[in-house]
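Student: 3D model of this:
(4 chains)
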Number of protein chains: 2
Amino acid sequence: MEYDGSVCSVARTAAVLSDTWTVLVLRDVRHGVRRFDDLTAHLGIARNVLTRRLATLVDAGILDRVPYREAGSRLRHEYVLTQAGQDLVPVIIAMMGWGDRYRADPDGPPMRVEHAECGSPVHVELRCTDGHRIDPQEGLRTTPGPGARRTPTGGCS
Amino acid sequence: MEYDGSVCSVARTAAVLSDTWTVLVLRDVRHGVRRFDDLTAHLGIARNVLTRRLATLVDAGILDRVPYREAGSRLRHEYVLTQAGQDLVPVIIAMMGWGDRYRADPDGPPMRVEHAECGSPVHVELRCTDGHRIDPQEGLRTTPGPGARRTPTGGCS
DNA sequence: CAGTATCCCAAGCGATACTG
DNA sequence: CAGTATCGCTTGGGATACTG
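Tutor: So this is what the prediction gives:
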């Protein structure tokens, strides 16, 4: 789908993440579930669908398909995050945070993400390059950037 | 779609955001494009689709439909972000940041988000509640939370 | 202007069967 | 184990026409 993706980074990212399984595959790969059958078992995704999804993600530069060989068995592949894939982690954590808050499980969050060093819970924050922490409601100003198109309705968002 | 959404906050959020137009509608509403016709014009979305999308988002508690009346015309509605909708802003900013980096327009970013007070560019960061800034590659540890199901494959992600 | 109603199409998913 | 191939179903999007 195109939806003005030609002019908006949000749209372009949405195009990458929009289908059902993509973020869940990334989530699992990040947690170390890297092999085809493990993914099918863990996600409950149909195998043909997983095939397509992995191929798409490799094409998109988000996953790498790396060969490996275990002693005594034939060549296999596993899927690892590229740099671009790793840089989607904040998006995923942001989504997790929202889900924890607004689509909470009555038992509490199913997964807890903590700082490896100190063990405190992790969240996403908006910050500017000057290091100020920013309130999402009040602290943001959005202006057209260099790549913006000028349109009658006010340009890209 | 369900995709284990019963146990994962990422999946639950993905279910809300997954269809094509949702994030773009939110993006536009956040920028002040709040009225039906403005949205159709700005997004290029089919009107019936927008109707459905807005209804879904209102149902999901992400948008409010608030009536207003301009002098001399009949009652209209506009769509504004609820608190839950506002709390999706970090997700959107995170997506924008990724798109700017990995799906960049040759002319540069189409939209620039800056700190209203100081004008510096804004990005998302991972932080723990102790205030440490966290490296997405190395600094995260993920553990099952109270709401986790125990499954043979290692539980929810 | 702000929608609703109808109809069609394409894409994505799942089930099942097959392969090296 | 790690996929590919084929199929049918469901859903979301678009076009068009209609309404207060």
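
Student: for chain A, what are the low-confidence residue spans?
Tutor: Where chain A drops to pLDDT under 70, the residues are A:1-7, A:149-157.

Student: where do the strands of it begin and end?
Tutor: A:63-69, A:75-81, A:111-115, A:122-128, A:133-134, A:140-144 (DSSP state E).

Student: and those as a markdown table, adding mean neighbour count and distance to chain B?
Tutor: From N, CA and C alone the C-beta is placed, and that goes for glycine too. Below are the strands of chain A laid out as a markdown table (neighbours: other Cβ atoms under 10 Å in any protein chain shown; distance: least, Cβ to the nearest Cβ, whole Å):
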| stretch | mean neighbour count | distance to chain B |
| --- | --- | --- |
| strand A:63-69 | 13 | 13 |
| strand A:75-81 | 16 | 9 |
| strand A:111-115 | 21 | 4 |
| strand A:122-128 | 20 | 4 |
| strand A:133-134 | 19 | 6 |
| strand A:140-144 | 15 | 4 |
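
Student: which one of those strands lies closest to DNA strand C?
Tutor: Closest to DNA strand C of those is strand A:75-81 (Cβ to the nearest atom of the strand; 9.0 Å).

Student: and A:Asp130, how many residues sit next to it?
Tutor: 11 (other Cβ atoms under 10 Å in any protein chain shown).

Student: quickly note the distance from it to A:Gln83.
Tutor: Distance, A:Asp130 to A:Gln83, by Cβ to Cβ, to the nearest Å: 26 Å.

Student: same check on A:Arg69?
Tutor: Distance from A:Arg69 to A:Gln83, by Cβ to Cβ: 25 Å.

Student: returning to that earlier point: just put the strands of chain A in CSV and tack on distance to DNA strand C.
Tutor: CSV is the format used below for the strands of chain A (distance: least, Cβ to the nearest atom of the strand, whole Å):
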stretch, distance to DNA strand C
strand A:63-69, 13
strand A:75-81, 9
strand A:111-115, 21
strand A:122-128, 25
strand A:133-134, 31
strand A:140-144, 22
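
Student: to A:Ala46, which of those strands lies closest?
Tutor: strand A:75-81 (17.0 Å; Cβ to Cβ).

Student: show me which residues of chain A are close to DNA strand C?
Tutor: Contact residues (Cβ under 7 Å from any atom of the strand) of chain A with DNA strand C: A:19-21, A:44-49, A:52-53.

Student: can I have the buried ones of those residues as a PyMOL selection?
Tutor: The buried residues among the residues of chain A next to DNA strand C can be selected in PyMOL (16 or more other Cβ atoms under 10 Å in any protein chain shown) with this line:
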select buried, chain A and resi 19+20+21+45+53
